[in-house]
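Chemist: Output the structure for:
(2 chains, ligands or ions: 4)
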Protein chains: 2
Amino acid sequence: MIASCFRAAVLLLGISIGQASAEQLPLPDNLIGAATDGGEALLVGADAREAYFPLADNFVTQKTQSYCGVASMVMVLNASGVPAPPVPEYEPYRTFTQDNLLDERTDAIVSRDTILKQGMTLDELGGVLATQPLAVVVKHAGDTSLDDFRAMGREYLDQPGHFVIVNYLRKAIRQEVGGHISPLAAYDAEADRFLILDVARYKYPPVWVKAEDLFAAMNTPDASNGDRTRGFVLIKTKAAE
Amino acid sequence: MIASCFRAAVLLLGISIGQASAEQLPLPDNLIGAATDGGEALLVGADAREAYFPLADNFVTQKTQSYCGVASMVMVLNASGVPAPPVPEYEPYRTFTQDNLLDERTDAIVSRDTILKQGMTLDELGGVLATQPLAVVVKHAGDTSLDDFRAMGREYLDQPGHFVIVNYLRKAIRQEVGGHISPLAAYDAEADRFLILDVARYKYPPVWVKAEDLFAAMNTPDASNGDRTRGFVLIKTKAAE
Ligand SMILES: [Ca+2]
Ligand SMILES: [Ca+2]
Ligand SMILES: [Ca+2]
Ligand SMILES: [Ca+2]
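Modeler: Ligands and ions are numbered 1, 2, ... in the order given. This is a model prediction of the structure:
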């Protein structure tokens, strides 16, 4: 029962040793890094990028190799402007962090101990987000289609206060290797690519991925979620409804 | 002797109480938030933004209210691709964090204890950066001019592997309130504004500031640095030289 993010940590030990000074893994040629000239042009010409700036302004690195879901939620919550909890170091300011988002209420959905050991599933992600003042819809890829995902993803990324988090199998987009969770930030129609702000920043940069490839990577069974398919979560603030 | 960032923490306690659910402070009208429509247009039309994407991909929040200098260095180091130290949580990956950048070598320039108590000065920032394989030039505003700063800043922000960190007095750009340090990411010539990726993300969003206003905010005496003026640090990787 290995859930999101964690499988990557386990399998990678044998794969990437010897890459001492290349601090991130190389990208396969189906992916376009956000900081390359190609990635820059895609963002400038993107047809839906309302989500990009609030998320980029709140980009964080997952604090452990199983915390991709928690980091993704922290980004969306801070970007959405919903009331945040206090942080001792930042008094009197308040913000969501990977240390103050989870509490007894979210432990009832998935315990902090479980997340630390094995990450979280798509349904657990939706459940934790729904404890916040947000409208949250969980979509398993197997219950939807590439066309529906593309249309809904683009629509959400084009509106203030709307966000999309994806749960996908890295291996299916030729990354190393297991289940992963990160927010989407933009969509470009001509290239038919979505921008993933990958929260494992020690490992990969943000990438532009073909809608078809991302959908295929979400449309994979998750053994830690009763073999239901991975998928995406559509999120909007109550104010944006 | 109160240095960068920390003064803000002390004085703000009395100022911003009562802002319970506005998670950041409001921006004065001389500043343009990066995630506003105006900020988005400035980035799209920016005349120098080579630094933006590598820095945005590595944007972090300062871990304490005195760690603005450390957070700024972590962003530039990860963006520059210089070899990074290990992080236990991320094995086998390596990246700079606010916990692994400082060591016995940097303690000889400014101790971790001092940074935690009162932040760091412009000269200390330059000194710590110079322990890395980077070409580092410290410029006190009082030794230069608005025209020189604008020209050098624009030139650096327009080239791969080149970065600029600024040390300025927040009060002088009508923010609250003390000395602060953050990286610049872009410059737009028509607006004559620089984009600051403010590392106190719990307090302010990234802002576009007039070159003249930023220079005036750097051209202020720093009591913790023998009343020398604040200023900027020009940084390039050895590969980019
Ligand atoms: Ca470029
Ligand atoms: Ca387009
Ligand atoms: Ca907008
Ligand atoms: Ca321009």
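
Chemist: hey, what's the residue nearest to the spatial centre of chain A bridged with?
Modeler: In chain A, the residue lying closest to the centroid (CA atoms, centre = their mean) is A:S182, at 1.1 Å. Note on A:S182: beta-bridge partners by DSSP bridges are A:V166.

Chemist: What segments of chain A are strands?
Modeler: Using DSSP state E, the strands of chain A run over residues A:32-33, A:134-140, A:162-169, A:179-188, A:193-196, A:207-210, A:221-222, A:228-229, A:231-237.

Chemist: Apart from its neighbours in sequence, what residue is nearest A:H162?
Modeler: Spatially, and ignoring its direct neighbours in sequence, A:H162 is nearest to A:Y156 (4.3 Å; CB to CB, 6 or more residues apart in numbering or on different chains). All C-beta spots, glycine's among them, are computed from the backbone N, C-alpha and C.

Chemist: wait, which of the strands of chain A is closest to A:L55?
Modeler: Of all these, the one in closest proximity to A:L55, counting by CB to CB, is strand A:179-188 (4.9 Å).

Chemist: pLDDT on the closest one, on average?
Modeler: The pLDDT scores in strand A:179-188 average 98.

Chemist: Quick check: the residue nearest to A:H162 touching A:A51?
Modeler: Yes: at 7.3 Å, A:Y156 and A:A51 qualify as touching, with contact defined as CB atoms under 8 Å.

Chemist: Which one of these two is surrounded by more residues?
Modeler: More crowded of A:Y156 and A:A51, by other CB atoms under 10 Å in any protein chain shown: A:A51, with 30 against 23.

Chemist: Could you check how far the nearest residue to that one once chain neighbours are set aside is from B:L169?
Modeler: Counting by CB to CB, 6+ apart, A:L157 is the residue found nearest to A:A51 once chain neighbours are left out, at 4.7 Å. Separation of A:L157 from B:L169 (CB to CB, to the nearest Å): 38 Å.

Chemist: hmm, back to that, anything in contact with each of A:Y156 and A:A51?
Modeler: A:H162, A:F163, A:V164 (CB atoms under 8 Å, 6 or more residues apart in numbering or on different chains).

Chemist: hang on, isn't the last one packed against A:K236?
Modeler: No: contact between A:V164 and A:K236 fails when scored by CB under 8 Å: they sit 10.0 Å apart.

Chemist: Comparing the two, which residue is more hemmed in?
Modeler: Neighbour totals were compared for A:V164 and A:K236, and A:V164 leads with 23 against 18 (other CB under 10 Å).

Chemist: follow-up on the earlier one: what's the pLDDT at the residue nearest to A:A51?
Modeler: 98.

Chemist: cool, A:C5 as well?
Modeler: 74.

Chemist: doesn't A:V166 make contact with the residue nearest to the centre of chain A?
Modeler: Yes: using CB under 8 Å, A:S182 is in contact with A:V166, at 6.5 Å.

Chemist: Give the residues shared as contacts by these two.
Modeler: Shared between the contact lists of A:S182 and A:V166 (criterion: CB under 8 Å, 6+ apart) are residues A:I196.

Chemist: Quick one: residues contacting A:V166.
Modeler: Counted by CB under 8 Å, 6+ apart, A:V166 has contacts A:I181, A:S182, A:P183, A:L184, A:I196, A:L214, A:M218, A:G231, A:F232, A:V233.

Chemist: and what of A:L42?
Modeler: Taking CB under 8 Å, 6+ apart as the test, what A:L42 contacts is A:I32, A:A186, A:D188, A:A191, A:R193, A:L195, A:W208.

Chemist: For ligand 4, see how far away the last one is.
Modeler: By that I understand A:W208. 24 Å (CB to the ion, to the nearest Å).

Chemist: do the same with the fifth one
Modeler: With distances defined as CB to the ion, the gap from A:R193 to ligand 4 amounts to 26 Å.

Chemist: Just give the nearest non-adjacent residue to that residue, would you?
Modeler: Closest to A:R193 by CB to CB, 6+ apart is A:W208, at 4.3 Å.

Chemist: can you check the fourth one too?
Modeler: Spatially, and ignoring its direct neighbours in sequence, A:A191 is nearest to A:L42 (6.0 Å; CB to CB, 6+ apart).

Chemist: Go through stretch A:210-229 and flag the buried ones.
Modeler: In terms of neighbour count (16 or more other CB atoms under 10 Å in any protein chain shown), stretch A:210-229 has its buried residues at A:210-211, A:213-220, A:222, A:224-225, A:228-229.

Chemist: Can you tell me which of those residues end up in helices?
Modeler: In helices, judged by DSSP state H, the following of the buried residues of stretch A:210-229 are found: A:A211, A:D213, A:L214, A:F215, A:A216, A:A217, A:M218.

Chemist: check contacts around the third one.
Modeler: If a contact means CB under 8 Å, 6+ apart, then A:L214 has A:F149, A:V166, A:Y168, A:I173, A:F194, A:I196 as its contacts.

Chemist: Wait, the third one touches A:D213, no?
Modeler: No: proximity of A:Y168 to A:D213 does not meet the contact threshold set by CB under 8 Å, at 9.3 Å.

Chemist: Could you identify the most distant pair in the buried residues of stretch A:210-229?
Modeler: So, the buried residues of stretch A:210-229 by CB to CB: farthest apart are A:K210 and A:S224, at 26.3 Å.

Chemist: do you know how far the residue in chain A that ligand 2 sits nearest to is from B:E155?
Modeler: Using CB to the ion, the single residue of chain A nearest to ligand 2 is A:G45, 3.9 Å away. Distance from A:G45 to B:E155, counting by CB to CB: 26 Å.

Chemist: how many other residues sit next to A:D37?
Modeler: 11.

Chemist: confidence score at it?
Modeler: The model's pLDDT for A:D37 equals 96.

Chemist: what do you get for A:K238?
Modeler: A:K238 is given a pLDDT of 87.

Chemist: How about the contacts made by it?
Modeler: Contacts of A:K238 by CB under 8 Å, 6+ apart are A:P133, A:L134, A:A135.

Chemist: Recalculate using a threshold of 10 Å.
Modeler: Applying CB atoms under 10 Å, 6 or more residues apart in numbering or on different chains to A:K238 gives the contacts A:S80, A:V82, A:Q132, A:P133, A:L134, A:A135, A:G161.

Chemist: burial of A:R94, as a residue count?
Modeler: 19.

Chemist: Cross-check the contact I'm expecting between it and B:E23.
Modeler: Yes: using CB atoms under 10 Å, A:R94 and B:E23 qualify as a contacting pair, with a distance of 5.5 Å.

Chemist: Now for those two: what residues contact both?
Modeler: With CB under 10 Å, 6+ apart as the test, A:R94 and B:E23 both reach A:P83, A:A84, B:Y202.

Chemist: which of those are buried?
Modeler: When the shared contacts of A:R94 and B:E23 are checked for burial by 16+ other CB under 10 Å, the buried set is A:A84, B:Y202.

Chemist: so where's chain A shaky on pLDDT?
Modeler: Confidence mapping of chain A against pLDDT under 70 gives the ranges A:1-4, A:6-22.

Chemist: Helices along that one, start to end?
Modeler: Under DSSP H, chain A gives helices at A:6-12, A:37-44, A:52-56, A:68-80, A:104-107, A:112-118, A:122-129, A:146-157, A:211-218.
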